[in-house]
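Undergrad: Predicted model, plus sequence, below.
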Amino acid sequence: MTRSSFRILFTLLAVLVLGGFVAACGEEEESSSDSPTPAAQTTAPEKSGDIPADEKTANKIQAVDGASSVSLSVGSKNFTEQYILGEIYVQALEAAGYNVKKDLDLGPERVADAALRKGVVDAYPEYTGTALTSAFGVKVAEVPKDPMQAYEDAKAGYAKVGITALAPTPFENTYRLGITKATAEKLGNPTKISDLADKADTLTINGFPACRQRIDCLLGVQQTYGFKFKKFLPGEQKYQVLDNGDADVTFVFTTDGPLSSGKYVVLEDDKNVFPPYNITFAVRDEAAKKLGPEGQKVVTDVQKYMTAEIMQELNARVDLDKQKREVVAADYLKQFGFTS
Amino acid sequence: MITPIGSIFSTFSDSVGFIFERRPSDAGTVQVGGLAEMGHLAGNHFAVSFLAIVVSIAISVPIGLWLGHLGRAEMLAVGVANVGRAVPALAIIGFCVAFLGTGFRNIAFALTLLAIPPILTNTYVGMRQVDPELVDAARGQGLSGFQIVRQVEWPLALPTIFGGIRISVVTVLATAIISPIAGLDSLGTPIFSEEIYGTEGVIAAAIAVAFLTLMTDAGFALVQRLVTPKGLKIAARANRRPRRLRPLSIRRVQHP
């Protein structure tokens, strides 16, 4: 009994081990060739948003009267773009003379929202779409597709709970479909999602796990555009899976750092599936009063140059080039003349 | 009035219902739950976990037997294994995306690395705790090294080895819920998509993982029974304390 069972077990195991090794070796060869890291390709296009010298001078943040007697705290949620935005607001308000307590990295939106409502922080940047769906319980399908309308709705929602929502940023960080340049060429250079209609059934699409059934993600795309992708690959490694060919299409955020590498094509949402996600600086009413119109203007002024391209670049510098967010934020302010 | 315990109970029974009945999602846009979907997710979950466990047994048991028999490289068997335990599976998955891509292979690989340490350590320790006098006796009877491993040390180390395997079973099945972040749907999918599946879906997935773990554990317990030599089973039964003690008075009469 002992002998024979021992022998059977071991033969079985030996076969499995060998099989496993052979399979593993085979896999490595096929994928090693084609993925230079996005970081290596990101040149630092810091000059891309240069503006005339006199515009810079006009932008310079002036000290606000009585600002030194005002103190407030500024928070952020817990990911790169939010850290950078938080830093920019903090540094700009400090340049205007306010005493700012930096309280970044509050947590995900529910935590940040609770912190703001309870007065743990006086302000943090929130996306209009997120504020509506997460804080005010609006169904995703019912979020207005017009960015300004979405902002007005969010502002009204915030006003009811004693929070002022300042004017939104030019950029929005929303979902789009992304493909590699090589895939784009193969598919006849699509520019918008509708262009994928007749090829979708041959394409694998990647997204975070819940994306498949979300109305603002794959489910909504397939319903609105009226076609189905071949397969959904759940996962968080969107650019790696595009690079190694596990997926042909992926859901990107429009301000993702890797998009600034020029390796990817972002498809236009020509049927407006995705809700708008512009940033609004949400600040408690009493803090907004303390800031006054001048202080609020400092906040909305520094947002002027925040286009999707600029935000991609700032995110890339932190995420891919591993620069410090304080430095990246300070560079942004300097580049456009807000500080010197 | 719903007491806290009552509400916990009703959430629990709702969650069990989620496994068997399809229902609209929280946002009302899709249908979720039901045996077909949960069965599919559980199937993936089990397949990737089981492969990882079998491969890790295949790798670590022979190494553990060999090192344990020689009594060498304790640092290697225990130390390396403990380092392995400290590396999070999530890090391995992220690291391997570049080599293995996402999906089944990547997850299976990460879970295999996770499963090796307990089995390797337990095999080594199981071999070392075999009574040296027995090994000496076997050697005195002229058994070769391989024969000693096969006929003396291995059977005696079996309970400890299976202890390690069963620790790995629990760890791997519990960790496999992270698979949807790297290309494989599993019982982790409802857990990572609470906004779709709702609280009931999350708890239902957790219940399913627990059930799957108990079943797999029971399966390995059965394998352990099958590969344990009859002699050891008889010895174990003889050593076991009697279930029911006799009343004190009777014992006193019998053993004055």
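TA: That came through fine. Since the structure is predicted, the reported quantities are computational estimates derived from the model, not experimental observations.
Undergrad: Which parts of the stretch 1-150 of chain B are strands?
TA: Applying DSSP state E, counting those that start in this stretch to the stretch 1-150 of chain B gives strands spanning B:22-24, B:31-33.
Undergrad: Sheet partners, orientation included, of the last one?
TA: Here the strand partners of strand B:31-33, with direction, are listed using DSSP bridges: strand B:22-24 (antiparallel).
Undergrad: Provide a list of residue ranges in the stretch 201-340 of chain A with pLDDT below threshold.
TA: Within the stretch 201-340 of chain A, not a single segment meets pLDDT under 70.
Undergrad: Would you mind listing what in the stretch 101-250 of chain B touches chain A?
TA: Residues of the stretch 101-250 of chain B lying near chain A by Cβ under 8 Å from any Cβ of the partner chain: B:101-103, B:105, B:109, B:150-151, B:154-155, B:180-185, B:188-189, B:192-196, B:226-227, B:229-230. C-beta coordinates here come from the backbone N, C-alpha and C atoms, glycine included.
Undergrad: And the residue of the stretch 1-150 of chain B that's closest to chain A?
TA: residue B:58 (3.8 Å; Cβ to the nearest Cβ).
Undergrad: from the residues of the stretch 101-250 of chain B next to chain A, which would you call buried?
TA: B:101-103, B:105, B:109, B:150-151, B:154-155, B:180-185, B:188-189, B:192-193, B:196, B:227, B:229 (16 or more other Cβ atoms under 10 Å in any protein chain shown).
Undergrad: if we can go back for a sec, among the residues of the stretch 101-250 of chain B next to chain A, which are located in strands?
TA: Among these, none falls in strands (DSSP state E).
Undergrad: Report the residue ranges of every domain in chain A.
TA: With domains defined by automatic domain parsing, chain A comprises A:46-172+A:276-335, A:175-267.
Undergrad: Compare those and give me the one nearest residue B:159.
TA: Smallest distance to residue B:159 across the domains of chain A (Cβ to Cβ): 39.4 Å, for domain A:175-267.
Undergrad: mind checking how far the closest one is from the chain centre?
TA: 16 Å (Cα atoms, centre = their mean, to the nearest Å).
Undergrad: What of stretch A:157-168?
TA: The chain centre lies 22 Å from the centre of stretch A:157-168; the measure is Cα atoms, centre = their mean.
Undergrad: Buried residues of that stretch, list them for me.
TA: A:157, A:158, A:163, A:164, A:165, A:166, A:167, A:168.
Undergrad: thinking again about what came up before, near the residue of the stretch 1-150 of chain B closest to chain A, how many other residues are there?
TA: Counted by other Cβ atoms under 10 Å in any protein chain shown, the residues lying close to residue B:58 total 22.
Undergrad: do you know how far it is from residue B:64?
TA: 12 Å (Cβ to Cβ, to the nearest Å).
Undergrad: coming back round to it: for the strands of the stretch 1-150 of chain B, which one ends up most surrounded?
TA: Mean neighbour counts were compared across these using mean count of other Cβ atoms under 10 Å in any protein chain shown; the top stretch is strand B:31-33, at a mean of 20.
Undergrad: Other residues contacting it?
TA: Strand B:31-33 is contacted from outside by A:213, B:18-19, B:21-25, B:190, B:196-198, B:200-201, B:204, using Cβ atoms under 8 Å, 6 or more residues apart in numbering or on different chains.
Undergrad: Show the residue spans covered by the strands in the stretch 101-250 of chain A.
TA: A:123-127, A:163-165, A:175-180, A:204-207, A:231-234, A:249-253.
Undergrad: Quick check, pLDDT for residue B:63.
TA: pLDDT for residue B:63: 92.
Undergrad: Repeat that for residue B:49.
TA: 95.
Undergrad: Distance check, it against residue B:217.
TA: Distance of residue B:49 to residue B:217, computed by Cβ to Cβ: 12 Å.
Undergrad: any common contacting residues for the two?
TA: In contact with both residue B:49 and residue B:217: residue B:169, using Cβ under 8 Å, 6+ apart.
Undergrad: These two: which is more packed in?
TA: Between residue B:49 and residue B:217, counting by other Cβ under 10 Å, residue B:49 is the more crowded of the two (29 against 16).
Undergrad: circling back: residue B:84: which of the domains of chain A is closest?
TA: Once those are compared by Cβ to Cβ, domain A:175-267 is nearest, at 23.0 Å.
Undergrad: Switch the strands of the stretch 101-250 of chain A over to JSON lines; also include distance to chain B.
TA: Shown next, in JSON lines, are these (distance: least, Cβ to the nearest Cβ, whole Å):
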{"stretch": "strand A:123-127", "distance to chain B": "16"}
{"stretch": "strand A:163-165", "distance to chain B": "24"}
{"stretch": "strand A:175-180", "distance to chain B": "15"}
{"stretch": "strand A:204-207", "distance to chain B": "8"}
{"stretch": "strand A:231-234", "distance to chain B": "4"}
{"stretch": "strand A:249-253", "distance to chain B": "11"}
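Undergrad: can you put those strands in TSV and add distance to residue B:5?
TA: Listed next are these as TSV, based on distance: least, Cβ to Cβ, whole Å:
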stretch	distance to residue B:5
strand A:123-127	38
strand A:163-165	38
strand A:175-180	42
strand A:204-207	39
strand A:231-234	36
strand A:249-253	42
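Undergrad: Please identify the most buried of those strands.
TA: strand A:123-127 (a mean of 26).
Undergrad: tell me what that one is packed against?
TA: On a contact count with 3 or more Cβ pairs under 8 Å, 6 or more residues apart in numbering or on different chains; DSSP states H and E, strand A:123-127 meets strand A:71-75, helix A:80-95, helix A:109-117, strand A:279-284.
Undergrad: so how far is it off the chain centroid?
TA: 14 Å.
Undergrad: which residues are contacting that strand?
TA: Applying Cβ under 8 Å, 6+ apart, the contact partners of strand A:123-127 are A:72-77, A:82, A:85-86, A:89, A:106, A:109, A:112-113, A:115-116, A:135, A:154, A:172-173, A:277-284, A:287.
Undergrad: One more pass at 7 Å, please.
TA: Applying Cβ atoms under 7 Å, 6 or more residues apart in numbering or on different chains, the contact partners of strand A:123-127 are A:72, A:74-76, A:82, A:85-86, A:89, A:106, A:112, A:116, A:173, A:277-284, A:287.
Undergrad: Ok, stretch A:286-299 next?
TA: A:61, A:64, A:67, A:70, A:72, A:89, A:92-93, A:96, A:98, A:122-123, A:164, A:166, A:281.
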